[in-house]
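>>> Just the structure for this:
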Amino acid sequence: EQARCVPDPALCGEAPFGDIVAGEDVVYVDASVATAGDGSLSAPLKTLQQGLAAVSVGGTVALASGVYGATGQITQSVTIAGRCAHEVVLEGDESTAATLEVAQLIVGDSPVVRDVTLRGPTVGVWLVAGGRLLAERVYADGLSEGGFLLNHADSELVLRDSVIGSIALVNGSSVGVGALLGAKATLEGVRIEAQGEGVLASQQGSTAELDHVLIQPVASDLATGLVVVQGAVARGRELTVRNKRIGALVFNFGQADLDGVLVEDVWDDGIQLHGGSSVVASGLVVIRPGRFGVSASEAGTRLRLAGA
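Predicted structure coming up:
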């Protein structure tokens, strides 16, 4: 088994709010206070829900160290900023579909979540109709079914410098990041350690943009690193997949353009494509596949390799 990646306490700064910049548009929340104040630095609120209700559009909810219970929806452009992911936990429960749900935003709005851990018995973040989110330095762990799920053509996620840890399987499957029904997911500097599919792009109009992404479960599993299906498109730069069944699976008219890909120690093929799909791969390295480095089959399937 590989060592797990965990949040770094050195990033926490000074208590109670670390490096969060003070300002008139900042609402302060501290789970440790006995009673809620007015949201000022000297009299913080107690729950994230109180903070979201009090903050103005474009403002920031600053979270001190602590565990903040089931949250609900984000429906306006605000920033949720924790002291650090090592000290701030957003924890969902079975009463909500996800620890955080983002929906019904005005065009152009994009909430931000940074420096927190997401935990709970359901999905970490669910982006539904009109949901868009920038997530930075987020640690998603101890979840179920999925880390980040997007299931609408207007849903967009940018995930940066983050880790997706353990995710419990539901009906035998789970996914680190799933972009469905025309959604768009962009991952930059992301590590996915969870079992199940690493990144899934499914259905026409869905896209997955991957830049310096590592998909490597703590223990080998029989799922796939990258899945592109039903007309979806994936573009990857500096993508590494280890300890999965297949490195990348592209089928049913999916398209993938991959540059600088390392696939290592997979049970089956490094890259597998069929069903009229298309893959362009440059700088591909496949080490110790269980079967083929690259496997392409069925009429209409297209493969181009350069510098492999």
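
>>> hey, let's count contacts and neighbours off CA atoms from now on
Fine.

>>> ok, Val177 touching Gln195?
No. Here Val177 does not reach Gln195: they are 11.9 Å apart, not a contact under C-alpha atoms under 8 Å.

>>> joint contacts of those two?
Here Val177 and Gln195 have no joint contacts, going by C-alpha atoms under 8 Å, 6 or more residues apart in numbering.

>>> Show me where the stretch 1-150 of the chain dips below the pLDDT cut-off.
1-3, 70-72, 104-108 (pLDDT under 70).

>>> Could you rerun that using 50?
Applying pLDDT under 50 to the stretch 1-150 of the chain flags no residue at all.

>>> And the helices in it, which stretches?
For the stretch 1-150 of the chain, the helices defined by DSSP state H, counting those that start in this stretch occupy 48-54.

>>> Strands of that one, start to end?
With DSSP state E, counting those that start in this stretch as the criterion, the stretch 1-150 of the chain has strands at 26-29, 60-63, 66-68, 72-74, 79-82, 88-91, 98-102, 112-119, 123-127, 132-140, 143-144, 146-150.

>>> Reformat those strands as CSV; add distance to Val199 and mean neighbour count.
Formatted as CSV, these follow (distance: least, C-alpha to C-alpha, whole Å; neighbours: other C-alpha atoms under 10 Å):
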stretch, distance to Val199, mean neighbour count
strand 26-29, 33, 28
strand 60-63, 29, 29
strand 66-68, 28, 20
strand 72-74, 24, 20
strand 79-82, 25, 26
strand 88-91, 23, 23
strand 98-102, 18, 26
strand 112-119, 18, 24
strand 123-127, 14, 28
strand 132-140, 14, 25
strand 143-144, 15, 24
strand 146-150, 10, 28
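
>>> possible to save those as CSV with distance to Glu156?
What follows is the strands of the stretch 1-150 of the chain, written out as CSV (distance: least, C-alpha to C-alpha, whole Å):
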stretch, distance to Glu156
strand 26-29, 25
strand 60-63, 20
strand 66-68, 25
strand 72-74, 14
strand 79-82, 16
strand 88-91, 21
strand 98-102, 10
strand 112-119, 12
strand 123-127, 8
strand 132-140, 5
strand 143-144, 21
strand 146-150, 7
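
>>> quick one: which of the ones you listed is nearest Arg291?
strand 146-150 (28.6 Å; C-alpha to C-alpha).

>>> Quickly run through the sheet partners of the closest one, with directions.
strand 123-127 (parallel), strand 175-180 (parallel) (DSSP bridges).

>>> Could you save these as a markdown table and add columns showing distance to Val116?
Listed next are the strands paired with strand 146-150 as a markdown table, based on distance: least, C-alpha to C-alpha, whole Å:
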| stretch | distance to Val116 |
| --- | --- |
| strand 123-127 | 11 |
| strand 175-180 | 17 |
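
>>> And the strand or helix carrying Val261, what's buried?
Using DSSP states H and E, Val261 sits within strand 255-264. Buried residues in strand 255-264, counted by 16 or more other C-alpha atoms under 10 Å: Gln255, Ala256, Asp257, Leu258, Asp259, Gly260, Val261, Leu262, Val263, Glu264.

>>> swap in stretch 11-29?
Going by 16+ other C-alpha under 10 Å, stretch 11-29 has these buried residues: Cys12, Pro16, Phe17, Gly18, Ile20, Val26, Val27, Tyr28, Val29.

>>> In PDB, list the C-alpha atoms belonging to stretch 40-52.
C-alpha atoms of stretch 40-52 as PDB (Å, rounded to 0.1, in the frame of the first residue of the first chain):
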ATOM      1  CA  SER A  40     -17.400  40.200  13.500                       C
ATOM      2  CA  LEU A  41     -13.900  39.200  14.300                       C
ATOM      3  CA  SER A  42     -14.500  39.700  18.000                       C
ATOM      4  CA  ALA A  43     -17.900  38.100  18.100                       C
ATOM      5  CA  PRO A  44     -18.100  35.400  15.400                       C
ATOM      6  CA  LEU A  45     -21.100  33.300  14.400                       C
ATOM      7  CA  LYS A  46     -21.100  29.600  15.400                       C
ATOM      8  CA  THR A  47     -22.300  27.700  12.300                       C
ATOM      9  CA  LEU A  48     -21.500  27.800   8.600                       C
ATOM     10  CA  GLN A  49     -25.200  28.100   7.800                       C
ATOM     11  CA  GLN A  50     -25.300  31.300   9.900                       C
ATOM     12  CA  GLY A  51     -22.300  32.600   8.000                       C
ATOM     13  CA  LEU A  52     -23.900  31.900   4.600                       C
END
